[in-house]
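Enquirer: fold the following for me, if possible:
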Amino acid sequence: MGREVAGERSSWQEGILRRQAARESAARTYARALPIVPVRARGMTIEGADGRRYLDCLSGAGTLALGHNHPVVLEAIRKVLDSGAPLHVLDLATPVKDAFTTELFRTLPPGLAEHARVQFCGPAGTDAVEAAFKLVRTATGRTGILAFTGAYHGMTAGALEASGSALDVRVARLPYPQDYRCPFGVGGERGAELAARWTESVLDDPKSGVPHPAGMILEPVQGEGGVIPAPDTWLRRMRQLTADRSIPLIVDEVQTGVGRTGAFWAVEHSGVTPDVMVLSKAIGGSLPLAVVVYHEDLDVWEPGSHAGTFRGNQLAMAAGTATLAHVRESGLSERAHHLGSRMLSELRRSAREFGCVGDVRGRGLMIGVEVVDPTTDGPTDGPTEGPTPEQPLEPSQDPLRPDAARDPRPPAPELAASVQRECLRRGLIVELGGRHNSVVRLLPPLTISDEQAAAVLDRLTDALHTVARDHARTRPLH
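Expert: A predicted model of the protein is given here:
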């Protein structure tokens with residue numbers, strides 16, 4: 001009987017997947033690498049149509065700060081539904097919106113909260129990026145935007161131009177500091193200093209070919225770029241460079257916000273107060289919501305300068321209010337800091353045995369494992385040890401990797417895809433990102449338990465072991 005039920009479930013799932021492949025666009029992404037059909041979910045656990053259960057370290061690409069169907073989110077949504085309140089009101093004022101705005105302002109960096117304005121945008125983060133660009137261009141009368149290598153800000157035209165994968169570039173591109181693949185071949189604080197000097201030179205050299213820009217946009221931790229935390233000293237330097245030159249600083253906290261990195265907003269690690277913050281994903285409590293928060297001095301655009309039919313999503317605002325409050329009141333940012341530091345340290349220790357792991361990095365519960373080709377020349381001792389769980393995770397204080405920075409091994413997207421498949425076989429959902437899609441990314445909900453964290457590390461380590469062993473077996477003999 002049990003086998004018959006399992007067979008029926010498997011057949012049901014396969015049928016849904018076949019119809020999806022036949023009907024949906026070739027642009028679909030996650031569905032290709034994760035051939036599952038979720039039917040139930042709670043917290044960090046997803047159950048597929050075939051009855052299998054998975055630990056979800058994708059979390060809606062970072063959207064689910066509290067995991068799936070958290071009780072406080074469901075209660076907030078039901079309360080609005082049961083109240084008879086309108087669900088669609090464009091940008092009219094409502095008690096639900098007022099509560100959301102009040103809670104949002106309560107969490108903002110103090111230097112911004114005291115002088116902030118908020119613009120509700122279309123429901124995706126990329127629309128908020130477009131709004132931010134429009135805002136600073138209107139306020140400054142200038143047009144150019146400064147962005148960074150490896151960036152990801154969305155898929156609409158302007159946001160894509162500011163992203164690292166842009167093909168038709170009308171945005172000035174600057175080096176983003178990183179250790180393992182430092183563009184200057186040195187890494188660490190020295191590499192970050194060189195990146196800052198390059199930016200300063202571009203801004204001040206009259207022959208740089210870059211006119212005085214309308215704004216600079218950056219991510220405190222590059223997510224899609226490969227989980228690369230910006231050094232705090234470099235972020236402070238960017239703040240100073242832009243402030244001295246009257247260039248609005250836009251910080252994209254779409255994925256890093258709401259406790260993800262171990263602070264409520266990732267800019268808080270460095271003490272930087274931006275002029276503009278772009279927010280989405282977790283602020284809607286799993287439902288579509290995006291806003292731009294900015295200094296009141298920039299609030300010079302005309303009514304209707306940026307609008308959207310679905311900018312008044314009442315259910316998302318209610319869910320978002322509940323999420324923001326729960327993260328703040330439950331100290332989930334602090335937990336993300338401590339648990340993330342511990343997971344990073346344990347991953348770095350276990351990954352030393354795998355030649356296919358070039359680097360392990362991250363901040364809070366935003367963790368990346370870069371998979372590389374172990375058959376080529378390069379560092380042979382694996383990732384360096386990170387800070388102990390008791391030490392704060394400061395990217396600018398990470399141990400330098402001079403050999404890795406000078407000669408990192410080539411990325412191995414095929415091996416990374418194999419790791420993702422092996423993780424799925426073990427009931428673990430992970431995402432790929434970074435250059436050449438060679439970084440295995442962990443974005444668990446902030447509510448992850450210690451037991452679940454241990455299970456994630458066990459399954460990921462076992463998957464890495466299997467991929468490394470199989471690669472060694474198939475490696476041609478010389």
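Enquirer: quick one: low-confidence parts of the chain?
Expert: 1-5, 155, 157, 160, 164-170, 377-406, 475-478 (pLDDT under 70).
Enquirer: other SSEs contacting the longest helix seen in the chain?
Expert: As assigned by DSSP state H, the longest helix anywhere in the chain is helix 450-474. Applying 3 or more CB pairs under 8 Å, 6 or more residues apart in numbering; DSSP states H and E, we find helix 450-474 packed against strand 53-56, helix 332-351, helix 413-425, strand 428-429, strand 439-442. Bear in mind the C-beta positions are built from the backbone N, C-alpha and C, glycine included.
Enquirer: quick check: residue 360 touching residue 346?
Expert: No. Between residue 360 and residue 346 there is no contact under CB atoms under 8 Å: 9.7 Å.
Enquirer: more neighbours: the two, which one.
Expert: Neighbours per residue, other CB atoms under 10 Å: of residue 360 and residue 346, the larger number sits with residue 360, 27 against 17.
Enquirer: in terms of helices and strands, where is that one?
Expert: strand 357-363 (DSSP states H and E).
Enquirer: redo the helices and strands packed on helix 450-474 as TSV? Include distance to residue 270.
Expert: Formatted as TSV, these follow (distance: least, CB to CB, whole Å):
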stretch	distance to residue 270
strand 53-56	30
helix 332-351	14
helix 413-425	30
strand 428-429	31
strand 439-442	22
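Enquirer: pick the most buried one from these.
Expert: strand 439-442 (a mean of 26; mean count of other CB atoms under 10 Å).
Enquirer: give the pairing partners of it; include direction for each.
Expert: strand 366-371 (antiparallel), strand 431-433 (antiparallel) (DSSP bridges).
Enquirer: of the ones you listed, which is nearest residue 189?
Expert: Nearest to residue 189, of all the strands paired with strand 439-442, is strand 366-371, at 20.5 Å by CB to CB.
Enquirer: how far does the closest one sit from its chain's centre?
Expert: Using CA atoms, centre = their mean, to the nearest Å, the mean C-alpha position of strand 366-371 is found 12 Å from that of the whole chain.
Enquirer: what's next to that strand, contact-wise?
Expert: 62, 180, 221, 223, 226-228, 255-256, 260-261, 340, 343-344, 347, 351, 356-362, 411-413, 415-416, 419, 433-434, 438-443, 460, 464 (CB atoms under 8 Å, 6 or more residues apart in numbering).
Enquirer: try it again with 7 Å
Expert: 180, 221, 223, 226-227, 256, 260-261, 340, 343-344, 347, 351, 356-362, 412, 415-416, 419, 434, 438-443 (CB atoms under 7 Å, 6 or more residues apart in numbering).
Enquirer: alpha carbons only: can I get that strand in CSV?
Expert: Only the C-alpha atoms of strand 366-371 are listed here, as CSV (Å, rounded to 0.1, in the frame of the first residue of the first chain):
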residue,chain,number,x,y,z
MET,A,366,24.2,34.8,4.0
ILE,A,367,26.9,32.2,3.2
GLY,A,368,28.7,31.2,0.0
VAL,A,369,30.9,28.3,-0.9
GLU,A,370,32.9,28.9,-4.1
VAL,A,371,33.5,25.7,-6.1
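Enquirer: what angle sits between that strand and helix 332-351?
Expert: 20 degrees (axes from the mean of the first three to the mean of the last three CA atoms, to 10 degrees).
Enquirer: would you tell me which one of the strands paired with strand 439-442 is buried the most?
Expert: Note that of the strands paired with strand 439-442, strand 366-371 is the most buried (mean count of other CB under 10 Å), with a mean of 28.
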